[in-house]
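K.L.:
Sequence first, predicted model second:
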Amino acid sequence: MVPQAMWHVGNPAHRVDYTCAGQPAVVEFDWSKGHAVWWASSTPLENGSLARANELDLLLNSLGPREGHHFYWDESLHGEIRSTWSYASGPAWNLLWFGLLGLGLLVVLSFSRRRGPVRELPAAARATPIEFLDALGSLYRNAGAASTAVAIALERFRRIALRLCGLRGQQMAATELASAIRRRFPQADDTLETDLTLEADLVACEEAAWSETVSPREALKLIQKLHGHEQRLSAVSKSASSPASLRQAHPIQNERAS
């Protein structure tokens, strides 16, 4: 062993195991709950000295018996250790400072951006009719309210038909409404297909409006039929109120009056 340090013997608890040139080279003593073995140099552990006689024995004797012990070899303890925080010095410490500086800069920039002038939000575009119809159809489908859709369409047709017949505000059943349309527009027998078809469709719509088992497909067919009857009824009412039809109606009235 080539001593690189000297141990001043003065404590009776410190036992000198080996000496070199009259100076303590290996000293052992109890420390807190453990036991420490001090070497004056790491020469016996070097690659050039480990093959010499008794160098390995010195290491094993310093470690002690294997039974009941766990041995750990820590390469990070080489050199002088000032404190636990000394491990944080170096590149890791510099990277931490640079990271904190960058984070603070981002916080300042984001804060100043929020305090700057704010641009007004653009006006929201109004939904197109197709989007409204899709949303309305989704609501009816999720609620299973096919009968409600039929009831709304029937009520709309009833209101338009009563207004054209001059019976606004009255409550009529399907058969009574068909009879009122036939009396008001007797010339519409050919235009409105047949009276039986109109009356049957109105009765079917009235029954579907109160039924909870009507399918969406059946409800769609009934609403389409009501829409067709409404278009034909509007066309008949316009033709009935045209000047030509009024001129044809005046001679008949005069003959009846005479």
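P.N.:
That came in fine, so what should we check first?

K.L.:
C-alpha from now on. contacts and neighbour counts both.
P.N.:
Will do.

K.L.:
Work out for me the element residue 150 sits within.
P.N.:
helix 146-164 (DSSP states H and E).

K.L.:
how near is residue 161 to residue 48?
P.N.:
115 Å (CA to CA, to the nearest Å).

K.L.:
neighbour-wise, which of these two wins?
P.N.:
Each of residue 161 and residue 48 has its neighbours counted (other CA atoms under 10 Å); residue 161 has more, 23 against 9.

K.L.:
Please tell me how far the more buried one sits from residue 215.
P.N.:
26 Å.

K.L.:
Equivalent analysis for residue 72, please.
P.N.:
Counting by CA to CA, the gap from residue 72 to residue 215 is 79 Å.

K.L.:
any weak-confidence spans in the stretch 1-150 of the chain?
P.N.:
75-84, 86-88, 112-118, 121, 124, 126-128 (pLDDT under 70).

K.L.:
what are the ranges of the strands in it?
P.N.:
Per DSSP state E, counting those that start in this stretch, the stretch 1-150 of the chain carries strands over the ranges 15-20, 23-31, 34-39.

K.L.:
Tell me which of these lies nearest to residue 63.
P.N.:
strand 34-39 (8.3 Å; CA to CA).

K.L.:
Where do the helices of the stretch 151-258 of the chain begin and end?
P.N.:
174-184, 195-210, 216-240, 243-257 (DSSP state H, counting those that start in this stretch).

K.L.:
quick one, which of those is nearest to residue 103?
P.N.:
Closest among the helices of the stretch 151-258 of the chain, using CA to CA: helix 216-240, at 59.1 Å.

K.L.:
any idea how far residue 151 is from residue 203?
P.N.:
Using CA to CA, residue 151 is found at 12 Å from residue 203.

K.L.:
Between the two, which is the more surrounded one?
P.N.:
Neighbours were counted for residue 151 and for residue 203 using other CA under 10 Å; residue 151 has more, 20 against 17.

K.L.:
Apart from its chain neighbours, what residue comes closest to the more buried one?
P.N.:
residue 209 (4.6 Å; CA to CA, 6 or more residues apart in numbering).

K.L.:
how much space is there between that neighbour and residue 62?
P.N.:
Counting by CA to CA - residue 209 and residue 62 are separated by 99 Å.

K.L.:
And the two? Which one has more around it.
P.N.:
For residue 209 versus residue 62, neighbours defined as other CA under 10 Å are more numerous around residue 209 (22 against 16).

K.L.:
Correct me if wrong: residue 210 contacts residue 149.
P.N.:
No: look at residue 210 against residue 149 with CA atoms under 8 Å: they stay out of range, at 11.0 Å.

K.L.:
between those two, which one's more packed in?
P.N.:
residue 149 (19 against 13).

K.L.:
Quick check: the more buried one vs residue 206, distance?
P.N.:
12 Å.

K.L.:
What of residue 213?
P.N.:
14 Å.

K.L.:
Repeat that for residue 28.
P.N.:
Taking CA to CA as the measure, residue 28 falls 107 Å from residue 206.

K.L.:
now residue 198: how far from residue 66?
P.N.:
Counting by CA to CA - residue 198 and residue 66 are separated by 106 Å.

K.L.:
These two: who's more crowded?
P.N.:
More crowded of residue 198 and residue 66, by other CA under 10 Å: residue 198, with 22 against 9.

K.L.:
close enough to count as contact, that one and residue 179?
P.N.:
No: counting by CA under 8 Å, residue 198 stays clear of residue 179, with 9.9 Å between them.

K.L.:
of residue 213 and residue 206, who's got more company?
P.N.:
Between residue 213 and residue 206, residue 206 has the larger neighbour count (other CA under 10 Å), namely 18 against 11.

K.L.:
What pLDDT is listed against that one?
P.N.:
Looking at residue 206, its pLDDT reads 88.

K.L.:
Pull up the gap between the residue lying closest to it once chain neighbours are set aside and residue 200, please.
P.N.:
Closest residue to residue 206 apart from its sequence neighbours, by CA to CA, 6+ apart: residue 174 at 6.8 Å. Using CA to CA, we find residue 174 at a distance of 9 Å from residue 200.
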